[in-house]
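Student: no sequence on this one, just coordinates:
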C-alpha cells in the first residue's frame with residue numbers, strides 16, 4: 001500500500017512537471033524561438049498567449065521585443081584637422097529577426113558587445129572624416145531667426161566658418177553605415193546620437209582663443225561702422241547748419257537792401273521838398289560826429305563846414 005502511494009505521488013509530480021514543460025507563455029513585450037536539440041524549429045512566435053511545445057526536447061528561447069537602449073563609452077577621437085575630442089554617444093536598437101539573432105549572437109550580452117564594436121568603429125571613422133567645427137554645431141547654418149539683419153547674418157556665417165554638414169549629419173552617417181552589419185545579425189538600429197562632445201584641454205584653450213578673437217573682430221566691425229555712421233550724421237548736420245545760415249544771410253541781405261532802398265527813397269523825398277532844411281540837418285549830424293572828446297579841427301575859412309559855426313551864410317554861386 002505504501003509503495004502504491006509513493007508510485008502515485010511520483011506519477012503526479014511527473015505529470016505536473018510534464019504539463020509545465022509542455023506549455024509556455026509569451027507575454028506582450030516578448031518573442032520566442034523554439035529550438036530542438038539546439039537547432040531552431042519554425043518561425044518566431046510574437047503573438048502573446050499560451051503556446052505548446054514538445055517537453056524535454058524543445059526549449060523556448062525568449063527575446064526582448066521592445067526598444068533596447070545602448071550607451072557608448074566616451075572615447076577620445078581625432079578629427080580630420082588633427083584635433084582630439086571626447087565623444088560620448090548613445091543609440092536605440094531592437095531585435096528585428098529573432099531567428100537570425102539566435103543563430104548569430106545567442107543572447108543580448110553578445111549583441112551588446114558587437115554593437116559596441118560596430119558603433120565605436122563607425123563613430124571613429126566618421127569623426128575622422130570631418131573637421132572639428134562640423135561637430136561643434138548641430139546643423140549647417142542656413143536659416144536665421146526672422147528679423148536678423150544682413151550684417152548679423154554675415155557675422156554668424158563667418159563665425160561658423162561656413163559649416164556644410166553639422167553634428168546631426170554626422171550622426172545620420174554613422175547610423176546609415178552601421179545599420180547594414182547589424183541587420184546581418186538580426187538587429188535593427190533605430191537611432192544614433194552624439195550625447196556629448198567635449199574638448200581635451202589642449203584643444204579647449206585653442207577653441208576659446210579663436211572664439212574670443214572672432215567676437216572681438218565682429219565687435220570691432222560694429223564699432224567701425226558706428227564711427228562711420230556718426231561721421232556721416234555729423235557731416236549732414238554741418239551741411240544743414242551751413243545751408244540754414246546761408247539762407248538766413250541771404251534773406252537778411254535782401255531785407256537790408258530793401259530797407260536801405262526805402263531809406264534812400266525817404267531821404268530823396270525829404271531833400272526834394274526842402275533842400276535847405278535837409279542840408280542843415282545833415283550838417284548838424286556831421287558836427288555831432290566831428291566834434292567829440294575835445295576834438296581840434298583845422299579848417300580853411302573858405303570851407304563850407306564853418307558856415308554854421310561862424311554864422312555866416314554863403315550864397316552859392318550859380
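Tutor: On my side now, so go ahead. Note that the structure is a prediction, hence the values are computed from the model and not measured.
Student: which stretches of the chain aren't confidently modelled?
Tutor: Applying pLDDT under 70 to the chain flags residues 1-21, 138-162, 203, 299, 301-318.
Student: can you name every helix or strand that the top helix by length along it contacts?
Tutor: Criterion DSSP state H: the longest helix present in the chain is helix 201-273. Packing partners of helix 201-273 (3 or more Cβ pairs under 8 Å, 6 or more residues apart in numbering; DSSP states H and E): strand 84-95, helix 132-136, helix 150-159, helix 275-290. Every residue, glycine included, has its C-beta placed from N, CA and C.
Student: tell me the angle of that helix relative to helix 275-290?
Tutor: 130 degrees (axes from the mean of the first three to the mean of the last three Cα atoms, to 10 degrees).
Student: can you redo the helices and strands packed on helix 201-273 as TSV with distance to residue 269?
Tutor: Shown next, in TSV, are the helices and strands packed on helix 201-273 (distance: least, Cβ to Cβ, whole Å):
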stretch	distance to residue 269
strand 84-95	101
helix 132-136	92
helix 150-159	71
helix 275-290	10
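Student: burial-wise, tell me which of those comes out on top.
Tutor: Per residue and on average, the most neighbours among the helices and strands packed on helix 201-273 fall to helix 132-136, with a mean of 20 (mean count of other Cβ atoms under 10 Å).
Student: contact partners of that helix?
Tutor: Residues outside helix 132-136 that contact it (Cβ atoms under 8 Å, 6 or more residues apart in numbering): 79, 81, 83, 85, 87, 127, 160-161, 163-167, 169-170, 194, 197, 203, 207.
Student: now swap in stretch 111-129 and tell me
Tutor: Residues outside stretch 111-129 that contact it (Cβ under 8 Å, 6+ apart) are 70, 72-73, 75, 77-80, 85, 87, 89, 91, 93, 95, 101, 105, 135, 170, 173-174, 177-178, 181-182, 185, 187, 192.
Student: can you tell me the closest non-neighbouring residue to residue 47?
Tutor: Among residues not flanking residue 47 along the chain, residue 26 sits closest, at 6.9 Å (Cβ to Cβ, 6 or more residues apart in numbering).
Student: and that neighbour, what does it touch?
Tutor: 32, 45-49, 51, 62.
Student: give me the secondary structure label for residue 298.
Tutor: Assigned with DSSP: H, G, I helix; E, B strand; the rest coil, residue 298 falls in the coil class.
Student: that one - how many residues pack around it?
Tutor: 5 (other Cβ atoms under 10 Å).
Student: next one: it from residue 283, what distance?
Tutor: In this view, residue 298 and residue 283 are 18 Å apart by Cβ to Cβ, to the nearest Å.
Student: likewise for residue 210?
Tutor: From residue 210 across to residue 283, the span is 92 Å (Cβ to Cβ).
Student: again with residue 71
Tutor: 118 Å.
Student: how about residue 26?
Tutor: Distance, residue 26 to residue 283, by Cβ to Cβ: 139 Å.
Student: over to residue 38?
Tutor: In terms of Cβ to Cβ, residue 38 sits 149 Å off from residue 283.
Student: please apply the same query to residue 243.
Tutor: 47 Å.
Student: with adjacent residues omitted, what lies nearest to residue 267?
Tutor: Residue 267's closest residue in space is residue 278 (Cβ to Cβ, 6+ apart), at 7.7 Å.
Student: quick one, what contacts the nearest residue to residue 130 once chain neighbours are set aside?
Tutor: Setting aside the residues directly before and after it, residue 130 is nearest to residue 80 in space (Cβ to Cβ, 6+ apart), at 5.7 Å. By Cβ under 8 Å, 6+ apart, the contact set of residue 80 is 128-131.
Student: what of residue 51?
Tutor: Taking Cβ under 8 Å, 6+ apart, one finds 23-26, 32, 45, 60 in contact with residue 51.
Student: columns secondary structure on top of those, output as JSON lines?
Tutor: Formatted as JSON lines, the contacts of residue 51 follow (three-state DSSP):
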{"residue": "23", "secondary structure": "strand"}
{"residue": "24", "secondary structure": "strand"}
{"residue": "25", "secondary structure": "strand"}
{"residue": "26", "secondary structure": "strand"}
{"residue": "32", "secondary structure": "strand"}
{"residue": "45", "secondary structure": "strand"}
{"residue": "60", "secondary structure": "strand"}
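Student: that concludes my questions; thank you for your assistance.
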